[in-house]
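Engineer: need a structure here:
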Amino acid sequence: MAAKISVVLVGVAVATLCGCGAIPPTKYYQLQVPAETNSTAVADPLPINLLVGPLKGSHLYREDRLVYATDSEEMGTYMEQRWAAPPTEMIRELLLRSLRASRRYAAVNLVSSSARGDFVLQGNLYDFKEVSGSALVARMNLQLELRETKTGDIVWTHDYVRDEPVNGKDVAAVVAALDQNAQRCFNESEASLIQFFTSRPKK
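Structural biologist: Now for the predicted structure:
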């Protein structure tokens, strides 16, 4: 059964008047915060301190405007339809909260000058956009990699690429599909990460 999607409209700017008429209101959207998968802590969490590093991406995904494209890869951004935060920052924050909510690790924190961890999870957001063509879809392309802090080696990678069908023709429907795609990405990536940690030889 598909997870319930909750896309939140976080603000509408008050329209002001100018000589040519009313300025269209700006709408802001955010992705659903992952719910905790367990009501109580996992009996035996992995003894791993995990750090979540920054996500790289083009300047389009480091700004707050929603991105659209066509099958021919012509791209643009909406002026009055925006994210509550740039996608690279928003997805990083939700990935952090999702990993914490799983309660599978001793600790999960953002990379900072004071944070210490065994592994750093980082990546590159290549696509997070509406794509119109024969069908309207919400495309997400995220590459994640895990670096062991002691050796500096990349020990795990995961590529997530999916076009989620959009059930509707307005921007809100696109956002709902992007949200569903992101939740699917978090679930799939976390399952792969857990499999890596539980199958690696104990040192």
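Engineer: from residue 103, how far off is the nearest residue to residue 169 once chain neighbours are set aside?
Structural biologist: Nearest non-adjacent residue to residue 169, counting by C-beta to C-beta, 6 or more residues apart in numbering: residue 136, 6.9 Å away. (C-beta placed from N, C-alpha, C; glycine too.) Relative to residue 103, residue 136 is positioned 37 Å away (C-beta to C-beta, to the nearest Å).
Engineer: and for residue 198?
Structural biologist: Taking C-beta to C-beta, one finds residue 198 at 15 Å from residue 103.
Engineer: just the C-alpha atoms of stretch 109-118, please, in PDB.
Structural biologist: These are the backbone C-alpha positions of stretch 109-118, laid out as PDB (Å, rounded to 0.1, in the frame of the first residue of the first chain):
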ATOM      1  CA  ASN A 109      24.200  13.800  12.800                       C
ATOM      2  CA  LEU A 110      25.000  16.400  10.200                       C
ATOM      3  CA  VAL A 111      28.600  17.000   9.300                       C
ATOM      4  CA  SER A 112      30.000  19.800  11.400                       C
ATOM      5  CA  SER A 113      33.300  20.900  12.900                       C
ATOM      6  CA  SER A 114      32.400  19.300  16.200                       C
ATOM      7  CA  ALA A 115      30.700  16.100  14.900                       C
ATOM      8  CA  ARG A 116      32.600  12.800  15.000                       C
ATOM      9  CA  GLY A 117      31.500   9.800  13.000                       C
ATOM     10  CA  ASP A 118      32.500   6.500  11.600                       C
END
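Engineer: check the offset of stretch 177-193 from the chain's centre.
Structural biologist: The chain centroid and the centroid of stretch 177-193 are separated by 8 Å, computed with C-alpha atoms, centre = their mean, to the nearest Å.
Engineer: so which residues of this structure form helices?
Structural biologist: 87-102, 171-199 (DSSP state H).
Engineer: now the angle between helix 87-102 and the last one, please.
Structural biologist: Orientation note: helix 171-199 sits at an angle of 50 degrees relative to helix 87-102 (axes from the mean of the first three to the mean of the last three C-alpha atoms, to 10 degrees).
Engineer: tell me the buried residues in helix 171-199?
Structural biologist: Under the neighbour-count criterion of 16 or more other C-beta atoms under 10 Å, helix 171-199 has 171, 173-186, 189-190, 192-193, 197 buried.
Engineer: burial of residue 72, as a residue count?
Structural biologist: Residues lying near residue 72 (other C-beta atoms under 10 Å) number 7.
Engineer: got phi/psi on it?
Structural biologist: Note on residue 72: its backbone torsions stand at phi -80, psi 0 [degrees, to the nearest 10].
Engineer: how near is it to residue 58?
Structural biologist: Residue 72 is 18 Å from residue 58, by C-beta to C-beta.
Engineer: swap in residue 176?
Structural biologist: Taken as C-beta to C-beta, the span from residue 176 to residue 58 is 23 Å.
Engineer: contact partners for the most centrally placed residue in the chain?
Structural biologist: Residue closest to the average C-alpha location in the chain (C-alpha atoms, centre = their mean): residue 91, at 2.8 Å. Neighbouring residues of residue 91 by C-beta atoms under 8 Å, 6 or more residues apart in numbering: 31, 55, 125, 128, 142, 182.
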